[in-house]
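K.L.:
Okay, predicted coordinates and the sequence, questions at the end:
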Amino acid sequence: MTPLGRVVRLQVQSQPLKIGERPNRVYRTAPIVEVAELLLTPEGAVGVDGAGARILDVHNTAHPSTRYTDGNTVSFGLTSHYARMRDRFGPHMVEGCAGENILVETSTPLRLHDLGPRIGLRGAQGDETLPFAAVRVAAPCVEFSKFTIGNQDAAPEDLKPVLQFLDEGTRGFYVTLAREGRVRRGDFLVALG
């Protein structure tokens, strides 16, 4: 088991981040809520705040406005990828603005092939490992790309290099769970071998 990085932030999307009708949909970060821990289920993420209240993530299949589509129930991003995005696009690319559930601190960018065939989360105390059944790249959307460059009216030809830059995991990754589990800050993303 090889540590890949430490969990530094947990969050849920309490409501959809994209509002409006195409082609005028806008990406907004206000519905992103930082939480103390995450309960991960096959239906999706459930945030637990400091008072113990539960908040369904919008990708949870039980959310009234669910945005679930084919395995996008739980996601993670990397701090090293945010550093790359800030370097290219500016300081508004704050950690967590892409809306992932789990933010992992890493010193270098990681692509899908760098993660290895099997990954999961290991408790900070080494007491439990939550394996992922599958991991895939979270492809960037047009709305997030427009947010990234700060231009809601960007033309498709202006967005193409942005979408390419944000792909291959820079925007984040989706995971499918092998079983239910709990995640807290300080836990570790690990390669399981």
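P.N.:
Everything's here; your move.
K.L.:
alpha carbons only for contacts and neighbour counts from here, please
P.N.:
Will do.
K.L.:
What's the first helix or strand after the longest strand seen in the chain?
P.N.:
For the chain, the strand with the greatest residue count under DSSP state E is strand 2-13. Along the chain past strand 2-13, the next helix or strand (assigned with DSSP states H and E) turns out to be strand 18-19.
K.L.:
same for the longest strand of the chain, what does it pack against?
P.N.:
Under the contact criterion of 3 or more CA pairs under 8 Å, 6 or more residues apart in numbering; DSSP states H and E, strand 2-13 touches strand 32-34, strand 37-41, strand 44-48, strand 54-56, strand 102-105, strand 188-191.
K.L.:
JSON lines for these, including mean pLDDT?
P.N.:
JSON lines is the format used below for these (pLDDT from 0 to 100):
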{"stretch": "strand 32-34", "mean pLDDT": "98"}
{"stretch": "strand 37-41", "mean pLDDT": "95"}
{"stretch": "strand 44-48", "mean pLDDT": "96"}
{"stretch": "strand 54-56", "mean pLDDT": "97"}
{"stretch": "strand 102-105", "mean pLDDT": "98"}
{"stretch": "strand 188-191", "mean pLDDT": "96"}
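K.L.:
any idea which of those strands is most buried?
P.N.:
Neighbour counts (mean count of other CA atoms under 10 Å) averaged over each of the helices and strands packed on strand 2-13 peak at strand 44-48, with a mean of 26.
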